[in-house]
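Enquirer: fold the following for me, if possible:
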Amino acid sequence: MAAVTIVGSGFGGLTAIRHLRRQAKELDITLIAPKAEFVYYPSLIWVPTGLRKGEELRIDLGEFLRRERVHFQQGRVTGLADGGRVVLTELGELRNDALILAPGGRGLRKLPGIEHSLAICDGIETAQEIRRRLQAMTGGDIAFGFAGNPAEPSAVRGGPIFELLFGIDTYLRRQGIRERFTLHFFNPMREPGNRLGAEAVAGLLAAMEERQIQTHLGAKLLAFTEQEVRTEAEVIPAQLILFMPGMTGPDFAADSALPLSAGGFIVGDSHCQVPGFPGVYVVGDAASYPESPDWLPKQGHSADLQARAAAENALAYLAGKEPVKKFRNELICIVDSLDGGNLVYRSPSLAKIIPGSYWHLAKRAFEWRYLANYRPRS
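Expert: Numbers count the residues shown, from 1 in each chain. Modelled structure (predicted):
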């Protein structure tokens, strides 16, 4: 019986499991992850304003893994051997006939004073800390920003910061205390979020102006302090700094012998195949795809599309066939604001933003539908 190993219990890893099992009932599947749990990161933006509690977004995968007949190996990957046929972990080695890597990426935390900022995508505990800090404030300055990887400009995650910004603005207005706060948005780019398309950038900046959010654009970030964001152009006061740094690849990648991009990500082709490593595939935030457009996002939807392609191509490899499935280059997301939002779509031929008060409810409905795949059915 062929054995497939999957690294990572996020969007890409779990979608790969579901698609492998649908197509190969007898396949031997093993998942390697630090914990048998799935954290639904898109809804972390709602924890600071109280719409969600952190533990509501932490899904125990025990029943899902039993249902899909998946072996679980707890631990962290430390490297690969034998051309990817052996995964090295802190608890031992695990052999495979095909390997799908979906371990996620890491934030670049090199900016001086970055410990004075909070990154929503660091997880549930950070989202809860943002809520505690926000509730303790009676007024003052809050600064929101994000940055990229200088060696790989596409390695940026700005969507959650836009959503935090608009969501907290709405929350403060509902509390009747918005006039006590000054909200700042800072970014080293003059057109932040340009991967979403020019129309989306214009719409987001127009929304900031309408909501009286101060913007600080086009100046290099220098440092953070407990009370400030410092750029080459100015000093921005801030008693709370919410910042998403640029991203790089997983920590084991540098010692894995896998091909890496300039930004430290594992290189994959349009079939998610790692060049020079037959039967090894990479999906999600850990990956860099030179054949894809530079606006390709690092988001759950993209990881799902890539995981489906990787699963099909892994099965083709096990059957001695050439890869058959290319993933779709597509960006689709809802930039939420608690009181509505914007649907943003981009493909190689189209970039579109559609505002509407109903998008907030649509995002909540999608959360429920998506998590139904993994919640205990009992």
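Enquirer: just the helices in the stretch 151-300 of the chain please.
Expert: Secondary structure of the stretch 151-300 of the chain by DSSP state H, counting those that start in this stretch: the helices cover 159-174, 198-210, 300-318.
Enquirer: mind saving the C-alpha coords of the last one as PDB?
Expert: These are the backbone C-alpha positions of helix 300-318, laid out as PDB (Å, rounded to 0.1, in the frame of the first residue of the first chain):
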ATOM      1  CA  GLY A 300      -6.400  29.900   2.700                       C
ATOM      2  CA  HIS A 301      -8.300  29.800  -0.700                       C
ATOM      3  CA  SER A 302      -5.000  29.700  -2.600                       C
ATOM      4  CA  ALA A 303      -3.700  26.900  -0.400                       C
ATOM      5  CA  ASP A 304      -6.900  24.900  -1.000                       C
ATOM      6  CA  LEU A 305      -6.500  25.200  -4.800                       C
ATOM      7  CA  GLN A 306      -2.900  24.200  -4.600                       C
ATOM      8  CA  ALA A 307      -3.600  21.300  -2.300                       C
ATOM      9  CA  ARG A 308      -6.200  19.800  -4.700                       C
ATOM     10  CA  ALA A 309      -3.600  20.000  -7.500                       C
ATOM     11  CA  ALA A 310      -0.900  18.500  -5.300                       C
ATOM     12  CA  ALA A 311      -3.100  15.600  -4.200                       C
ATOM     13  CA  GLU A 312      -4.100  14.700  -7.800                       C
ATOM     14  CA  ASN A 313      -0.500  14.900  -9.000                       C
ATOM     15  CA  ALA A 314       0.800  12.800  -6.000                       C
ATOM     16  CA  LEU A 315      -1.700  10.100  -7.000                       C
ATOM     17  CA  ALA A 316      -0.500  10.300 -10.600                       C
ATOM     18  CA  TYR A 317       3.100  10.000  -9.400                       C
ATOM     19  CA  LEU A 318       2.300   6.900  -7.400                       C
END
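Enquirer: what packs against that helix?
Expert: Packing partners of helix 300-318 (3 or more CB pairs under 8 Å, 6 or more residues apart in numbering; DSSP states H and E): helix 11-23, strand 98-101, strand 280-282, strand 331-336. Where you see a C-beta, it was placed from the backbone N, CA and C, and this is true even at glycine.
Enquirer: if we use 10 Å, what do you get?
Expert: Packing partners of helix 300-318 (3 or more CB pairs under 10 Å, 6 or more residues apart in numbering; DSSP states H and E): strand 3-7, helix 11-23, strand 98-101, strand 280-282, strand 287-288, strand 331-336, helix 359-371.
Enquirer: okay, angle between it and helix 359-371 too, please.
Expert: Inter-element angle recorded for helix 300-318 and helix 359-371: 30 degrees (by axes from the mean of the first three to the mean of the last three CA atoms, to 10 degrees).
Enquirer: ok, back up a step: please name whichever of the helices and strands packed on helix 300-318 is nearest to residue 187.
Expert: Residue 187 lies closest to strand 331-336 among the helices and strands packed on helix 300-318, at 15.0 Å (CB to CB).
Enquirer: go through the closest one and flag the buried ones.
Expert: For strand 331-336, the neighbour count (16 or more other CB atoms under 10 Å) marks 331, 333-336 as buried.
Enquirer: and those, which two are furthest apart?
Expert: 331 and 336 (15.7 Å).
Enquirer: what residues are up against the residue lying closest to residue 160 once chain neighbours are set aside?
Expert: Spatial nearest neighbour of residue 160, excluding adjacent residues (CB to CB, 6 or more residues apart in numbering): residue 120 at 5.0 Å. Each residue near residue 120 by CB atoms under 10 Å, 6 or more residues apart in numbering is listed here: 41, 44-45, 47-48, 126-127, 130, 144, 157, 160-161, 163-164, 242-244.
Enquirer: put the buried members of the residues you listed into a ChimeraX selection.
Expert: In ChimeraX syntax, the buried subset of the contacts of residue 120 is picked out as below (16+ other CB under 10 Å):
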select :41,44,45,47,48,126,127,130,144,157,160,161,163,164,242,243,244
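Enquirer: low pLDDT regions in the stretch 251-378 of the chain?
Expert: Across the stretch 251-378 of the chain, the ranges flagged by pLDDT under 70 are 378.
Enquirer: phi, psi for the residue nearest the centre of the chain please.
Expert: With distances taken as CA atoms, centre = their mean, residue 299 lies nearest the centre of the chain, 4.5 Å away. Backbone torsions of residue 299, given as degrees, to the nearest 10, read phi -150, psi 170.
Enquirer: what's the spacing between it and residue 79?
Expert: As defined by CB to CB, to the nearest Å, residue 299 lies at a distance of 27 Å from residue 79.
Enquirer: among the helices and strands packed on helix 300-318, which is nearest residue 31?
Expert: With CB to CB as the criterion, residue 31 lies closest to strand 3-7 of these, at 5.1 Å.
Enquirer: and the strands in the stretch 1-150 of the chain?
Expert: Residue ranges of the strands in the stretch 1-150 of the chain, as given by DSSP state E, counting those that start in this stretch, are 3-7, 28-33, 37-39, 58-60, 70-74, 77-81, 86-89, 92-95, 98-101, 106-107, 140-146.
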